[in-house]
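1. What follows is a predicted structure for the sequence shown.
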Amino acid sequence: MAYQNTNGCISDSIEILDPKPLAAVACDVVHPPIVASFNDRIRPLLDCIDKLRHLNVMQEGIQLPTIVVVGDQSSGKSSVLESLAGISLPRGQGICTRVPLVMRLQNDPNITAPNLQLEYNNKSLPVDEISIADAIIHATDEIAGHGKGISNCPLTLVVKKNGVPDLTMVDLPGITRVAVQGQPEDIYEQVYDIIMKYIVPEESIILNVLSATVDFPTCESIRMSQKVDKTGERTLAVVTKADKAPEGLLEKVTADEVNIGLGYVCVRNRIGNESYEEARSDEERLFSTHPLLSKIDKSMVRVPILAQKLVRIQASIISKCLPEIVRKINDRLAANLAELNRLPQHLTSVAEALTAFMRILSSSKDSLKKILLSGEFDEYPDEKEMHSAARIVEMLNQYSNELHSKNFEKVDEFLMEEIMVLQETKGIGLPNFLPRAVFLNVLQRKVTEIAASPEDFVGKLWNYLERVVVIVLMHHCENYPQLQSSTRRAAQNLIAKKKNESVDWVREIIGMEKLTDYTCNPDYLTTYSKFMAQQHTFMEIMNDHGKYSMINLEGVGVIDVGHLRKHLDVVQQAFDLKMRMMAYWKIVLMRLVDSMALHIMFSIRNMINNEMENEIIQDLMAPHGGGIERMLDESPLVAEKRNRLKKSVKLLKESKEVVANIMDRISLHDDHERD
Ligand SMILES: Nc1nc2c(ncn2[C@@H]2O[C@H](COP(=O)(O)OP(=O)(O)OP(=O)(O)O)[C@@H](O)[C@H]2O)c(=O)[nH]1
């Protein structure tokens, strides 16, 4: 069930709502009324789509099924619409249609005289049949200016008449390659853009008007429609001016060189001042008596057949698209309502502002606690930078690795530093007694070498924390942009203070490590004893000059100790000093990493729980902060968003009502048919 193709057969591409009553759309009626009756199930659907079009639901990105009339300039588009409507439209040489003309034809058997209404620029003007062409020209001038410029702002003509087919079509400006005098230079591009906007949506049916006097493949309108509808499944061709170029027309429409999926209808429009009745009888006579034109299949000629095909196609496309339109309206309405609810309420008193401010502080605090203290990152699942607990551990591990890689043992200078210190601190005393000053001297050198690392670490850590804290605060203040600058400033000031505190603390612990060699950790003695157990082997190598000088020392590795044989007087003491230091250094490094971890967690906790709130409040209340009253001025961005969403919600609600009525009718009708 679907469109009739070139041969008059029905193709499957679009489902027809109910083909039976459409048979009543008589193809043998030649005078207006062109179409005698119309399926009463389809008319409400068309009304519904027209109402949605009138509401401008398309501005919400919801496309409506539309028959779009395209054609090269003077191909006869307006004449085709005239023939279908039985009324005069501006016709002539050169560009006549300068704005999209939405033409709504509504069959009304109860009226004797046609009822015409022109709608544009939020106006609705009744017009009579004689002056309709002038009224359209006047309205076009008002929309697109006098002269030959064009505009994409549409004009709607509602034609209620006895006998017209119930059709809504959009006539578009004709395509012209070359601008004539008075036309903008880029007329082609302007027309192209307007046409594309209408024919790109899959919901559009392209009524391609081709003049019989031209070669179809050379038509710009064919090139355009082929761009968006390659297979031609939503393109119907109307061939005008059949009377002017009857030779070869049969071959042209049967060869179908330009791939028109929905078929061809050849017509002869009104010429000059003849009446519509005369035009229809002449057309009938032409296609039944002309030696060449009479050979064209009867299902492919004359305006009534065109009307019948368009009515069928329109019914099919509407019934196919309507469920999707309903779904889109509902989805968009729900999404916009949710977005509107998420917008902050408009604050009208200081008390309301204070409540909103306290809510921002407490939600920011909760987020930071989750991210920085408990390692939850559900608020930022895809932003790795915000998975702070893991990032802090990574940084801490890196810091620990860095500390361990410093003062790496230089194997070729093994014990030389210790020997040098022992020699320089020589005093009068027992030879095997190791003074504490010697140990402290070596310790201080080692601590000095690594002193920069903890400072670097706290610098990097607080820079990272500043990024995270600012992101969280900005996120919670996003609805109150007026708070953002003072909140950001407060966070930056606070973090700068915290960084200084950490640097002071680091300097203090480094100073303490330099001053005192102490640990209660039993690992120290265990490790020292283990290391010292190697002293005997080491001294054997030292004392036996003929012996191999390589040794594998635990904690150092395989080394050559031959160079130490010339320092036999101090080498034993130097070995002892080294082993003590190695055992103790492990404790020092562990202490630097552990205490750092405790310090940063303690600092972060204090910042979140106590200091951040105070800092933000102080900054806001300071003379430069602007006070809590700032929150009462709604940001223009939020106000604009609220207005836009409200308008959109109103439009979608109205649209929902329009489609709800029709869906109810459809299901009622279906129930009735089942019964
Ligand atoms: N002989 C003859 N002339 C026709 C026929 N259809 C249209 N014309 C004439 O062709 C000319 C152009 O027709 P329009 O209907 O204005 O063409 P259009 O495509 O709407 O023009 P623009 O919107 O300006 O691009 C007019 O003079 C019409 O009278 C037809 O079937 N036979």
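-> Happy to help now that I have it.
2. surely A356 meets H346?
-> No. Counting by C-beta atoms under 8 Å, A356 stays clear of H346, with 10.5 Å between them. All C-beta spots, glycine's among them, are computed from the backbone N, C-alpha and C.
3. more neighbours, those two?
-> Neighbour totals were compared for A356 and H346, and A356 leads with 19 against 11 (other C-beta atoms under 10 Å).
4. give the contact list for that one.
-> Contact analysis of A356 by C-beta atoms under 8 Å, 6 or more residues apart in numbering lists P344, Q345, L347, Y480, M631.
5. from the chain, which residue is nearest to the ligand?
-> Residue of the chain nearest the ligand, by C-beta to the nearest ligand atom: G174 (2.3 Å).
6. What about that residue, how many residues nearby?
-> 26.
7. So what does M169 look like in phi/psi?
-> Here the main-chain torsion angles of M169 (degrees, to the nearest 10) amount to phi -130, psi 160.
8. what's the answer for K148, then?
-> When read as degrees, to the nearest 10, the backbone of K148 gives phi -120, psi 10.
9. okay, now the residue lying closest to the residue of the chain closest to the ligand once chain neighbours are set aside: neighbour count?
-> Leaving aside its sequence neighbours, G174 sits nearest to Q73 (C-beta to C-beta, 6 or more residues apart in numbering; 3.4 Å). Q73 has 21 neighbours, counted by other C-beta under 10 Å.
10. R630 too?
-> Neighbour tally, R630, other C-beta under 10 Å: 16.
11. ok, which stretches of the stretch 401-550 of the chain are strands?
-> 550-553 (DSSP state E, counting those that start in this stretch).
12. next one: the stretch 51-200 of the chain
-> Counting by DSSP E, counting those that start in this stretch, the strands of the stretch 51-200 of the chain are 66-71, 101-107, 115-120, 123-127, 155-161, 167-171.
13. Out of these, which gets nearest to E611?
-> Nearest of these to E611, taken as C-beta to C-beta: strand 66-71 at 62.1 Å.
14. What helices and strands are in contact with the closest one?
-> helix 77-85, strand 167-171, helix 187-199, strand 204-211, helix 220-228, helix 303-342 (3 or more C-beta pairs under 8 Å, 6 or more residues apart in numbering; DSSP states H and E).
15. Put together TSV for those, with distance to E394 and mean pLDDT on each row.
-> TSV is the format used below for the helices and strands packed on strand 66-71 (distance: least, C-beta to C-beta, whole Å; pLDDT from 0 to 100):
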stretch	distance to E394	mean pLDDT
helix 77-85	68	89
strand 167-171	61	90
helix 187-199	52	89
strand 204-211	55	95
helix 220-228	52	92
helix 303-342	34	91
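16. Could you list the residues of the stretch 101-250 of the chain in contact with the ligand?
-> Within the stretch 101-250 of the chain, the positions near the ligand by C-beta under 6 Å from any ligand atom are G174, T240, K241, D243, K244.
17. ok, and the closest non-adjacent residue to the second one?
-> When you say that, I think you mean T240. The spatially closest residue to T240, leaving aside those adjacent along the chain, is G76, at 3.3 Å (C-beta to C-beta, 6+ apart).
18. Quick check: the one you found touching A242?
-> No. The pair G76 / A242 is not scored as a contact, 10.3 Å apart, by C-beta under 8 Å.
19. list the contacts for R445?
-> By C-beta under 8 Å, 6+ apart, R445 lies in contact with E417.
20. cool, the one 10 residues further on as well?
-> Applying C-beta under 8 Å, 6+ apart to E455 gives the contacts V503, V506, R507.
21. can you tell me which residues contact the second one?
-> When contacts are counted by C-beta under 8 Å, 6+ apart, V506 is found next to P454, E455, V458, M596.
22. Please repeat the previous calculation with a cut-off of 6 Å.
-> Residues in contact with V506, defined by C-beta atoms under 6 Å, 6 or more residues apart in numbering, are P454, E455, V458.
23. before we move on, what SS does V570 have?
-> Here V570 is helix, with the state taken from DSSP: H, G, I helix; E, B strand; the rest coil.
24. Not counting its neighbours along the chain, what's nearest it?
-> Leaving aside its chain neighbours, V570 sits nearest to L422 (4.8 Å; criterion: C-beta to C-beta, 6+ apart).
25. just checking, that neighbour touches Q572?
-> No. The criterion here is C-beta atoms under 6 Å, and L422 misses it with Q572 at 10.4 Å.
26. Looking at these two, which one has more neighbours?
-> Neighbour count, other C-beta under 10 Å: between L422 and Q572, L422 has more, with 22 against 17.
27. How about the contacts made by that one?
-> Per C-beta under 6 Å, 6+ apart, neighbours of L422: V570, Q573, A574.
28. Which ChimeraX command selects the buried ones in those?
-> Buried residues among these (16 or more other C-beta atoms under 10 Å), as a ChimeraX selection:
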select :570,573,574
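29. Tell me the one of the contacts of L422 nearest E376?
-> Lowest distance from E376 to the contacts of L422 (C-beta to C-beta) belongs to A574, with 53.2 Å.
30. So which of the contacts of V506 belong to helices?
-> In this view, the contacts of V506 that belong to helices under DSSP state H are P454, E455, V458.
31. Pipe these into CSV and attach distance to the ligand and pLDDT per row.
-> Formatted as CSV, the ones in helices among the contacts of V506 follow (distance: C-beta to the nearest ligand atom, whole Å; pLDDT from 0 to 100):
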residue, distance to the ligand, pLDDT
P454, 80, 96
E455, 78, 96
V458, 75, 97
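32. for this protein, which spans come out with low pLDDT?
-> Along the chain, the model assigns pLDDT under 70 to residues 1-41, 90-96, 178-182, 407-411, 625, 664-675.
33. got the residues of it near the ligand?
-> Proximity of the chain to the ligand is confined to 71, 73-79, 91-92, 95-97, 174, 240-241, 243-244, 268-269, 271 under the rule C-beta under 6 Å from any ligand atom.
34. Report the buried members of those.
-> 71, 73-79, 91, 95-97, 174, 240-241, 243, 268-269.
35. Out of the residues you listed, list just those in helices.
-> Members of these lying in helices (criterion: DSSP H): K77, S78, S79.
36. Start and end of stretch 558-578, how far apart?
-> 16 Å (C-alpha to C-alpha, to the nearest Å).
37. Tell me which residues of that stretch come out buried.
-> Buried-residue list, stretch 558-578, by 16+ other C-beta under 10 Å: 559, 561, 564, 567, 570-578.
38. Q618 versus the nearest residue to E629 once chain neighbours are set aside, what's the distance?
-> Among residues not flanking E629 along the chain, V350 sits closest, at 6.4 Å (C-beta to C-beta, 6+ apart). The gap separating V350 from Q618 is 18 Å, by C-beta to C-beta, to the nearest Å.
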